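Asker: Attaching a predicted model along with its sequence, questions to come.
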Amino acid sequence: MQNDTTLIQDLKNKDERALALLYDKYSGAIYSVILKMIHDEGKAQNLLQDTFMTVWDKAESYDEDKGRFYTWIYRIAKNKTLNVLRKTDLLIQTDDFSVHTNKEDAISIEPEYSKLNGAVTTLQEHHKEAIELVYFKGLTHQEAHQEMDVPLGTFKSYIRQALKQLRATYAKSLGLILLILNAL
């Protein structure tokens, strides 16, 4: 098998065989990245194809001095996936999960939701803010630690401590909610 440098040069010269060989080499890893981000096999397959079409169209813009070829493809795939997520608002929960078809289900879930909500309100203020930024506002740890103006390690510690406290105060009820949600 040819090395990447030769294949990339052939790709820049619009050699379809080079694209096929690079696809065979990198598509599995790139598909895995896309699928982890979007959680939809059909969309992930379309994004993978779109990524490699962009690789074909923009091959001449790849500069080996700026980074590895895999990293270049990874960034293309990640940006395309994030664009799809932003367009379809999948980063923000838009579905209303509070609608119940069976009144008995609604009655059994409502007290559990109240317990979870109560458990979150018992957290220390900085822990509560960290949880809200990541889990309710959809920020990454990088964005959230900047928002709170604390070091990244400290922010991650806040998240770990808050989740540990929530697990301890809510473990029994959470297990029940998960059972109910799985039954729905």
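Answerer: Thanks, I have the structure now.
Asker: quick one: residue 69 from residue 17, how far?
Answerer: 16 Å (C-beta to C-beta, to the nearest Å). Every C-beta, even on glycine, is put in place using the N, C-alpha and C of the backbone.
Asker: Please say which of those two ends up with more neighbours.
Answerer: residue 69 (19 against 11; other C-beta atoms under 10 Å).
Asker: Surely that one touches residue 9?
Answerer: No. The criterion here is C-beta atoms under 8 Å, and residue 69 misses it with residue 9 at 11.2 Å.
Asker: which neighbours do the two share?
Answerer: With contacts defined as C-beta atoms under 8 Å, 6 or more residues apart in numbering, no residue is adjacent to both residue 69 and residue 9.
Asker: Please identify the buried residues of stretch 51-62?
Answerer: 51, 52, 54, 55, 59, 62 (16 or more other C-beta atoms under 10 Å).
Asker: Repeat that for stretch 69-86.
Answerer: Buried-residue list, stretch 69-86, by 16+ other C-beta under 10 Å: 69, 72, 73, 74, 76, 77, 78, 80, 81, 84, 85.
Asker: same deal with stretch 5-19?
Answerer: 7, 8, 10, 11, 18, 19.
Asker: Save the residues you listed as a markdown table, and put in pLDDT and secondary structure too.
Answerer: What follows is the buried residues of stretch 5-19, written out as a markdown table (pLDDT from 0 to 100; DSSP: H, G, I helix; E, B strand; the rest coil):
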| residue | pLDDT | secondary structure |
| --- | --- | --- |
| 7 | 92 | helix |
| 8 | 93 | helix |
| 10 | 94 | helix |
| 11 | 94 | helix |
| 18 | 93 | helix |
| 19 | 93 | helix |
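Asker: Between which two of these is the distance greatest?
Answerer: 8 and 19 (10.3 Å; C-beta to C-beta).
Asker: Not counting its neighbours along the chain, what's nearest residue 7?
Answerer: Leaving aside its sequence neighbours, residue 7 sits nearest to residue 18 (C-beta to C-beta, 6 or more residues apart in numbering; 4.7 Å).
Asker: how about the closest residue to residue 152 other than its chain neighbours, what does it touch?
Answerer: Closest residue to residue 152 apart from its sequence neighbours, by C-beta to C-beta, 6+ apart: residue 145 at 4.7 Å. Each residue near residue 145 by C-beta under 8 Å, 6+ apart is listed here: 151, 152, 154, 155, 156.
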